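In: The amino acid sequence is not available; the structure is as follows:
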């Protein structure tokens, strides 16, 4: 629900344990007996992704979760938008009801899988992509590779490629964690091994039944699904696999900053930013906060038709803490697309 790399207990644990992983294997050990899928499972290149579709009409609004989050994280936003457009939330490979996908979990791979799932489900564009935190980074990847199908973006407290986040009580740029590993091309699953069970050995978060604020703003049923989903066998491997590779992708974005194929042209773009940083108590907190706001505003330069909104009433999880602001932003982008007008 996030926080690019540090807000929930689950995410902090993932980060602290990430570099201790010796290997990551694939397997489909998700137990769905207690909580059947809220949507449907569709092929995404040899493995199945869970997509939750509500509403009708174009453009299609597609929601991309923050790191370690699930499809129902958008339940305070998606139903309202679905009253006037088709909406799609989904679980990335290895999350909740979705089967694991191939590793490494690159931004290019994740964008490909989402695109394949949408097309295999018969859900064609145009798309408006809404991404929170790490998901904001992923929707930029999607827009980069499927430019002709994307007509607008909403970035919900998303990461700027040069931004610092708090890791181990220190302001750190994600791109500085990148290694020199070469990025593979798109991969499809050709073989799936079967693993069952969930334990501290296979998923260090298996016993994590905590519901931290602002997750407690979700419905009681969603909170129960949250506990179930975060203790499933493949969850830790999937989330840590994303965090393992993401610095490489962020470094690539920084290296190619400003190049035409990394930009969004003139498509409507709204950048939503939390009102307060999480640098309190750090000796350079004022400088870090000033830089954060400057770099968030810098994201508006991705498009020639953009708007920056700082939500002073919210922290990192604006879609949970102030969902009406996210709903309003999405509606503005839909209106701009439909009327062929610029954002006000």
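Out: Looks like it came in fine. Given the structure is predicted, the values throughout are model-derived calculations rather than measurements. Numbers count the residues shown, from 1 in each chain.

In: now the strands for the stretch 51-200 of the chain?
Out: 60-64, 87-91, 127-132, 150-156, 164-167, 170-173 (DSSP state E, counting those that start in this stretch).

In: closest one to residue 265 among these?
Out: Closest approach to residue 265 among these is made by strand 150-156 (9.9 Å; C-beta to C-beta). Using the backbone N, CA and C atoms, a C-beta is placed for each residue, glycine as well.

In: What strands line up against the closest one, and which way round?
Out: Taking DSSP bridges as the criterion, strand 150-156 forms sheet pairs with strand 127-132 (parallel), strand 269-274 (parallel).

In: Kindly reformat those strands as JSON lines containing mean neighbour count and mean pLDDT.
Out: What follows is the strands paired with strand 150-156, written out as JSON lines (neighbours: other C-beta atoms under 10 Å; pLDDT from 0 to 100):
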{"stretch": "strand 127-132", "mean neighbour count": "29", "mean pLDDT": "98"}
{"stretch": "strand 269-274", "mean neighbour count": "25", "mean pLDDT": "97"}
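
In: Redo those strands as JSON lines? Include distance to residue 244.
Out: Below are those laid out as JSON lines (distance: least, C-beta to C-beta, whole Å):
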{"stretch": "strand 127-132", "distance to residue 244": "20"}
{"stretch": "strand 269-274", "distance to residue 244": "26"}
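
In: pLDDT averaged over stretch 152-164, what's the number?
Out: Mean per-residue pLDDT for stretch 152-164: 96.

In: most neighbours per residue, which of the strands of the stretch 51-200 of the chain?
Out: Greatest average neighbour count among these goes to strand 127-132 (a mean of 29), per mean count of other C-beta atoms under 10 Å.

In: now the spatially closest residue to residue 98 that is not a sequence neighbour: how far from residue 221?
Out: Closest residue to residue 98 apart from its sequence neighbours, by C-beta to C-beta, 6 or more residues apart in numbering: residue 91 at 4.2 Å. Plainly put, residue 91 is 16 Å away from residue 221 if you go by C-beta to C-beta, to the nearest Å.

In: counting contacts, what elements does the helix of greatest length in the chain pack onto?
Out: Criterion DSSP state H: the longest helix present in the chain is helix 235-255. With contacts defined as 3 or more C-beta pairs under 8 Å, 6 or more residues apart in numbering; DSSP states H and E, helix 235-255 has these neighbours: helix 9-18, helix 107-120, helix 134-145.

In: how about a cut-off of 7 Å?
Out: With contacts taken as 3 or more C-beta pairs under 7 Å, 6 or more residues apart in numbering; DSSP states H and E, helix 235-255 sits against helix 9-18.

In: any idea of the mean pLDDT in the helix it packs on?
Out: Averaged across helix 9-18, pLDDT comes to 39.

In: Give me the contacts around the helix or strand following it.
Out: Toward the C-terminus, helix 9-18 is succeeded by strand 40-43 as the next helix or strand (DSSP states H and E). Strand 40-43 is contacted by residues 48-51, 97, 117, 120-121 when judged by C-beta atoms under 7 Å, 6 or more residues apart in numbering.

In: do the same with stretch 325-332
Out: The contact list for stretch 325-332, computed with C-beta under 7 Å, 6+ apart, reads 61, 77, 80-81, 128, 130, 154, 156, 270, 272, 309, 311, 314, 318-319, 343.

In: Can you point out the buried residues in that stretch?
Out: 325-327, 329-332 (16 or more other C-beta atoms under 10 Å).

In: Helices of the stretch 151-300 of the chain, start to end?
Out: For the stretch 151-300 of the chain, the helices defined by DSSP state H, counting those that start in this stretch occupy 220-230, 235-255, 285-298.

In: At the geometric centre of the protein, which residue do we find?
Out: residue 135 (2.2 Å; C-alpha atoms, centre = their mean).
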